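Participant: Build me a model:
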Amino acid sequence: MMRPLSPHPMPVVMSRFDGVDALRGLAMVWMTVFHFCFDLNHFGFWHQDFYGDPFWLWQRTLILSLFLFCAGMGQAIAVALGQSWPRFWRRWAQILGCALLVTAGSWLMYPKTFIYFGVLQGMAVMLVIARLTAHWGAWLWFLGGLLIATKYIAVYALYTCGTACFLDNFNAPWLNWLGLITRKPITEDYVPLLPWMGVMWWGVAAGGWLSRQHTSGWIKPLSASLQSLATLGRWSLTYYMLHQPLMISSLMLFGWLITK
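Facilitator: Numbering: from 1, shown residues only. Sure, this is the predicted structure:
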């Protein structure tokens, strides 16, 4: 039987886990460095293969994994603290609104490869699933691993059996958000449910465990050197939406100045 996160809700006074916020802040800093390198390449200041070089592909995978893992932890902790559904839906609406802005902005900049199911679009779906399953406790470690493995096992098995054509049906845009694809869609960001929901489920499982550790170092105040990361982590959505427009406009201005 799946157990709830905790038989006794945590005191409301424990409203933040600074360690989790700092870890999310670290993901944001790492993401910023990656995006700045990407923008340098986009504007011709540097030449790198962001779509084929394993170094950059692994950077993206690790950054996204850390970000979704932190999102899962945050959701589990919010549930343990007794977050109401109305409050959840208010935050969810902010994420969905930002996802739509990202789609619109990417369409203006990359009309042929715009983002229709990237990290924010994926999170809008995954957070609802995470909220509904947060009480599943330690089972989420197993289910997360199973979900991560499912895509690769299924694709390998179908290719081995010579029936991979069945998966071609999932390559259509209205289904490829599930992740059961035989070719990656042409888009600037793609975060399907498989395997990424598994990563978030691991985060939910970790957050559920942390919420039961009332003496955990994750609850204690951080040192001054790490507090800035925690602050950034608490404003991750705002930062996410602003950092690329600011970097892109700065590089465009720089490019204009050096050509005058």
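Participant: Do a quick rundown of the helices in the stretch 51-200 of the chain.
Facilitator: For the stretch 51-200 of the chain, applying DSSP state H, counting those that start in this stretch gives helices covering 54-80, 85-109, 119-133, 139-160, 193-211.
Participant: show me what contacts Thr191?
Facilitator: No Thr there; residue 191 is Val. Shown in contact with Val191 (Cβ atoms under 8 Å, 6 or more residues apart in numbering): 64, 68, 117-119, 121-123. Heads up, the C-betas are built off the backbone N, CA and C, glycines and all.
Participant: Please repeat the previous calculation with a cut-off of 7 Å.
Facilitator: 64, 117-119, 122 (Cβ atoms under 7 Å, 6 or more residues apart in numbering).
Participant: What is the burial count for the nearest residue to it once chain neighbours are set aside?
Facilitator: Once flanking residues are discounted, Val191 sits nearest to Gly122: 3.7 Å by Cβ to Cβ, 6 or more residues apart in numbering. Per other Cβ atoms under 10 Å, the neighbour tally for Gly122 reads 23.
Participant: From what I see, Gly122 and Leu194 are in contact.
Facilitator: No. Counting by Cβ atoms under 7 Å, Gly122 does not reach Leu194; the two are 10.7 Å apart.
Participant: Just checking, which helix or strand of the chain averages the lowest pLDDT?
Facilitator: Here the helix or strand of the chain ranked lowest by mean pLDDT, DSSP states H and E is helix 139-160, holding a mean of 81.
Participant: quick one: the residue lying farthest from the centre of the chain and Phe45, what's the gap?
Facilitator: Most distant from the centre of the chain: Lys260, at 40.0 Å, with distances by Cα atoms, centre = their mean. The gap separating Lys260 from Phe45 is 16 Å, by Cβ to Cβ, to the nearest Å.
Participant: Ser84 too?
Facilitator: 48 Å.
Participant: Can you pick out the residue with more neighbours from these two?
Facilitator: Phe45 (13 against 9).
Participant: that's a helix at the more buried one, yeah?
Facilitator: No. Under DSSP: H, G, I helix; E, B strand; the rest coil, Phe45 falls outside any helix and is assigned coil.
Participant: Now do it, the pLDDT please.
Facilitator: With respect to pLDDT, Phe45 scores 94.
Participant: list the contacts for Arg60?
Facilitator: Per Cβ under 7 Å, 6+ apart, neighbours of Arg60: Phe34.
Participant: let's see it at 10 Å
Facilitator: Applying Cβ atoms under 10 Å, 6 or more residues apart in numbering, we find Arg60 in contact with 31, 34, 38, 50, 189.
Participant: Can you tell me which of those residues has the most neighbours?
Facilitator: In these, the most neighbours by other Cβ under 10 Å go to Met31, 22 neighbours.
Participant: Which strand or helix spans it?
Facilitator: Secondary structure assignment for Met31, by DSSP states H and E: helix 18-42.
Participant: Next, the angle from that helix to helix 119-133.
Facilitator: 160 degrees (axes from the mean of the first three to the mean of the last three Cα atoms, to 10 degrees).
Participant: pLDDT on helix 18-42, on average?
Facilitator: In this model, helix 18-42 has an average pLDDT of 95.
Participant: where does this structure dip in pLDDT?
Facilitator: In the predicted model of the chain, residues 1-16, 154-167, 214-220 satisfy pLDDT under 70.
Participant: And the residue nearest the centre of it?
Facilitator: Note: the chain centre (Cα atoms, centre = their mean) maps to Leu68, 3.6 Å.
Participant: Hmm, it is touching Ile148, no?
Facilitator: No. Counting by Cβ atoms under 10 Å, Leu68 does not reach Ile148; the two are 11.4 Å apart.
Participant: Mind listing the shared neighbours of these two?
Facilitator: Counting by Cβ under 10 Å, 6+ apart, the contacts common to Leu68 and Ile148 are 196-199, 201-202.
Participant: Now rank these by neighbours and give me the top one.
Facilitator: Trp201 (30 neighbours).
Participant: how close does it sit to Pro245?
Facilitator: 32 Å.
Participant: Does His243 touch Thr32 like I think?
Facilitator: Yes. With contact defined as Cβ under 10 Å, His243 reaches Thr32; the gap is 5.6 Å.
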